[in-house]
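Engineer: Output the structure for:
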Amino acid sequence: MSPGDPMCPMRLSKNDLLAVRVGLGLRFIQIAGLLSIILICTIAGCSPRRTAAPVPPPTPTPPSTPPPPATTTSSRPDAPTPPRREVAILFNGAPGYSEVATQLRKLLPVATYRLTVVNVDDVTSPAVLTSLRGRSGLFVVAIGLPAARIARDRLTAPVVFAQVFNYQELLVTGKTVRGVASMPPLDLQVQEWKKLDPKLRRMGLIVSSSHTDLIPQAERAATAASLAIRHEISASDRETLYLFKRLAPQIDGLWLVPDDRILSPAVLRELLSYAVSHGVRVCVFSDSLLQWGALMSASPTPEDTARTLRRVLDTMMAGGAKTTPVLTPLSEVGVRFNLQVAMRLGLPIPPRDAWVIRGGAR
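Structural biologist: Residues are numbered from 1 along each chain as shown. Model (predicted):
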């Protein structure tokens, strides 16, 4: 080929070849340097990095809780449950007695008291009473004189009685006997009577020799109500009637007490008839006597009697019999007013005919 032919390779001079070699050497040096830099950056961590997710802080370890102390099992057995208190309630079917027994039962929970309730009129009562004899820890509540006499004669346990006016015969046996008064407080009776009967000025009182202790009590109550009082002592029902007829011209009102030694149904009927015909107002001890002409009745309430019995019973069971009086007074009086007699006597008519007073408040 000729030198001018385009297909003919170009011939290079030695200088040109040397220049090419130098250029290739420089390019190799540049490439090698670049590779060294990349390698160094990689080792040093200078290469581009992905953002790592934040690492959560370590969860603090809660302070260790000391283990609970080991439970020590006591070698002693559990304390024994106290035994229930033994109580027998005796009553009979007379008006008012069963009501007191019912109220008392409500006040003696079965968790504390083991109750035996006996109606002494029932045909089964002798067998029940026999089972009570000699029972350890027994206390007897006797409501009414018939029940109290049975408790005295048939049982050996201490006795608490209620609704017994002539109680003195119960105290001669030498056994422990305490009671609840059968009459409401005399001062409450007089105060209410004076409110209902403003014309009342002079009162009369007739008692037996067994209840002369009522005379100073009645005098104090009458004096507190600005009333005068005359009293007499009777030995029989007929003498009571005689003494009343003698007192009638000297008094405005007669205060009757529930003493069956000096009162009888026949004398009561005659005495009240005489009182009505002579304008004498009579305060009696039972609602049933209002129909015979009495002006008002003042009687104990079953609730108050039961509460007082419970209080005396608990005191005796706790060993306090020696400090308990023979008779514990009541604190309530149930009043019933005879509106017909009041209108006939020209007295103010109260808004109702029956109410209860405790501590002087209706």
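Engineer: Next one: the closest residue to residue 187 other than its chain neighbours, what pLDDT does it get?
Structural biologist: Closest residue to residue 187 apart from its sequence neighbours, by CB to CB, 6 or more residues apart in numbering: residue 221 at 4.3 Å. (C-beta placed from N, C-alpha, C; glycine too.) At residue 221, the pLDDT value in this model is 97.
Engineer: where's residue 221, which helix or strand?
Structural biologist: Here residue 221 sits within helix 214-224, counting by DSSP states H and E.
Engineer: Any stretches of the chain with poor pLDDT?
Structural biologist: Residue ranges of the chain with pLDDT under 70: 1-81, 360-362.
Engineer: can you give me the helices in it?
Structural biologist: 14-44, 97-107, 125-132, 145-154, 186-196, 214-224, 237-247, 265-277, 302-317, 339-345 (DSSP state H).
Engineer: looking at these, which is closest to residue 162?
Structural biologist: helix 302-317 (5.3 Å; CB to CB).
Engineer: who touches the spatially most central residue of the chain in this structure?
Structural biologist: Nearest to the geometric centre of the chain sits residue 107, at 8.3 Å (CA atoms, centre = their mean). By CB atoms under 8 Å, 6 or more residues apart in numbering, residue 107 lies in contact with 306, 307, 310.
Engineer: Show the backbone phi and psi for the closest residue to residue 201 other than its chain neighbours.
Structural biologist: Closest residue to residue 201 apart from its sequence neighbours, by CB to CB, 6+ apart: residue 252 at 5.5 Å. Main-chain torsions, residue 252, degrees, to the nearest 10: phi -100, psi -30.
Engineer: Touching, residue 252 and residue 200? I think so.
Structural biologist: Yes - here residue 252 reaches residue 200: they are 5.2 Å apart, a contact under CB atoms under 8 Å.
Engineer: residues near the residue nearest to residue 90 when sequence neighbours are not counted, how many?
Structural biologist: Of all residues not flanking residue 90 in the chain, residue 147 sits nearest, at 3.9 Å (CB to CB, 6+ apart). Using other CB atoms under 10 Å, residue 147 has 29 neighbouring residues.
Engineer: From residue 110, how far out is residue 147?
Structural biologist: 22 Å (CB to CB, to the nearest Å).
Engineer: Residue 343 too?
Structural biologist: For residue 343, the distance to residue 110 - CB to CB - is 49 Å.
Engineer: same check, this time on residue 189
Structural biologist: The spacing between residue 189 and residue 110, counted by CB to CB, is 36 Å.
Engineer: Which one of those two is surrounded by more residues?
Structural biologist: When neighbours are counted by other CB under 10 Å, residue 189 and residue 110 differ, and residue 189 comes out ahead with 24 against 9.
Engineer: Surely the more buried one touches residue 221?
Structural biologist: Yes - using CB under 8 Å, residue 189 is in contact with residue 221, at 7.3 Å.
Engineer: Dihedrals phi and psi, residue 94?
Structural biologist: Phi and psi for residue 94, reported as degrees, to the nearest 10, are phi -70, psi 150.
Engineer: what's near enough to touch the residue lying closest to it once chain neighbours are set aside?
Structural biologist: Take residue 94 and drop its neighbours on the chain: the residue closest to it by CB to CB, 6+ apart is residue 144, 5.7 Å away. Residues in contact with residue 144 (CB under 8 Å, 6+ apart) are 91, 92, 94, 97, 162, 163, 164.
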